[in-house]
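K.L.:
The following block contains a protein sequence and its predicted model.
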Amino acid sequence: MKIPETRLRQEANLHTHGEPDDHLTVVCFGASSGGFEAYCTILGLLPSDTGMAYIIVHHQPADEKSLLVEILPRITDMPVMLVADGERVRADCVYVVPAGMQVTMDGDEFHIRTLLKTHGWPKNITIFLQSLAEDRQKRAIAVILSGFDSDGAAALQSIKQAGGLVFAQEFRTAKQPDMPQSAVRTGCVDRLLQPAEIAFQLKRIGEERARFKGNAGENKKDIALAKSENPITPE
């Protein structure tokens, strides 16, 4: 069987990107409807050497094939791959949760299982963010993007209590503003931003954390967030 060119590229890039790191910052992009456009904008503007890892948790029916692992490698030079059970997270890589699955993180390893949902909207973003807060603590960053319902919002207090950061997509730029609005209503969002501004903030954070890496005095106050013209106003 011929291995797709994009997969060969991803596997080759793994040899040149970061090794597993207990101090690694992990960024979670959570979205559903309208999220694809935001992923492309953010990843297209991010450099491939921020020193952070990125995971996309997207609402998608189990019987639909995700095209993200095929399309995103055209947008970013970072390797893009589906999450595998037991895989250790690595810097400067983009991970995509397979459709119909939920993922958690424990000891910097991903663990996946079939998404459990008896009724209503899935909560796979909330499930992952809760585990991310516990595993990464102040090195956890939640980014809530366009989507229906309120998935992810219930975990934002855990992210903040652990010392992490929370961004949400500015409502007017979201195809479906429900998820960002629900996030803002928690009172835990640090910045309400357009996708391009999210990319700028993440780049800035990567630079700051690289500067402070290994410094015993590191804390979240070391991370200077640029001012946003968009106030965080619950609706």
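P.N.:
Received the coordinates, thanks.
K.L.:
Poorly predicted segments of the chain, please.
P.N.:
For the chain, applying pLDDT under 70 flags the ranges 1-22, 61-64, 117-120, 213-235.
K.L.:
could you redo the last one with a cut-off of 50?
P.N.:
1-18, 216-218, 220-222, 231, 233-235 (pLDDT under 50).
K.L.:
quick one, longest helix in it?
P.N.:
If you go by DSSP state H, the chain has its longest helix at helix 195-212.
K.L.:
Give the other helices and strands that it contacts.
P.N.:
The contact analysis (3 or more CB pairs under 8 Å, 6 or more residues apart in numbering; DSSP states H and E) places helix 195-212 against helix 35-45, strand 140-144, strand 165-169, strand 191-193. From N, CA and C alone the C-beta is placed, and that goes for glycine too.
K.L.:
quick one, helices of the chain?
P.N.:
Ranges of helices in the chain, per DSSP H, are 5-13, 35-45, 68-71, 124-136, 156-161, 178-185, 195-212.
K.L.:
and the gap between the residue nearest in space to the middle of the chain and R74?
P.N.:
For the chain, the residue nearest the mean C-alpha position is C28 (1.8 Å; CA atoms, centre = their mean). From C28 across to R74, the span is 22 Å (CB to CB, to the nearest Å).
K.L.:
what's the answer for A162, then?
P.N.:
With CB to CB as the criterion, A162 and R74 are 34 Å apart.
K.L.:
OK, contacts around A154?
P.N.:
Residues near A154 by CB atoms under 8 Å, 6 or more residues apart in numbering: 123, 126.
K.L.:
any idea how far A38 is from the nearest residue to A199 once chain neighbours are set aside?
P.N.:
Nearest residue to A199 in three dimensions, chain neighbours excluded: L45, at 3.7 Å (CB to CB, 6 or more residues apart in numbering). Using CB to CB, we find L45 at a distance of 11 Å from A38.
K.L.:
One more: T114?
P.N.:
Counting by CB to CB, the gap from T114 to A38 is 26 Å.
K.L.:
more neighbours, the two?
P.N.:
Neighbours of T114 and A38, each counted by other CB atoms under 10 Å, are more numerous for A38; the result is 24 against 9.
K.L.:
Wait, that one touches L145, no?
P.N.:
Yes. If you go by CB atoms under 8 Å, A38 and L145 touch, sitting 4.4 Å apart.
K.L.:
ok so, going back, what about the residue nearest to A199, how many neighbours?
P.N.:
Neighbourhood size, L45 [other CB under 10 Å]: 17.
K.L.:
Pull the contacting residues for it.
P.N.:
Going by CB under 8 Å, 6+ apart, L45 touches 196, 199-200, 203.
K.L.:
cool, I198 as well?
P.N.:
Residues in contact with I198 (CB under 8 Å, 6+ apart) are 38, 42, 143, 167, 169.
K.L.:
from those residues, which single one is nearest A133?
P.N.:
Nearest to A133 among the contacts of I198 is V143, at 13.9 Å by CB to CB.
K.L.:
For stretch 81-91, measure first residue to last.
P.N.:
13 Å (CA to CA, to the nearest Å).
K.L.:
I appreciate the help and will end here.
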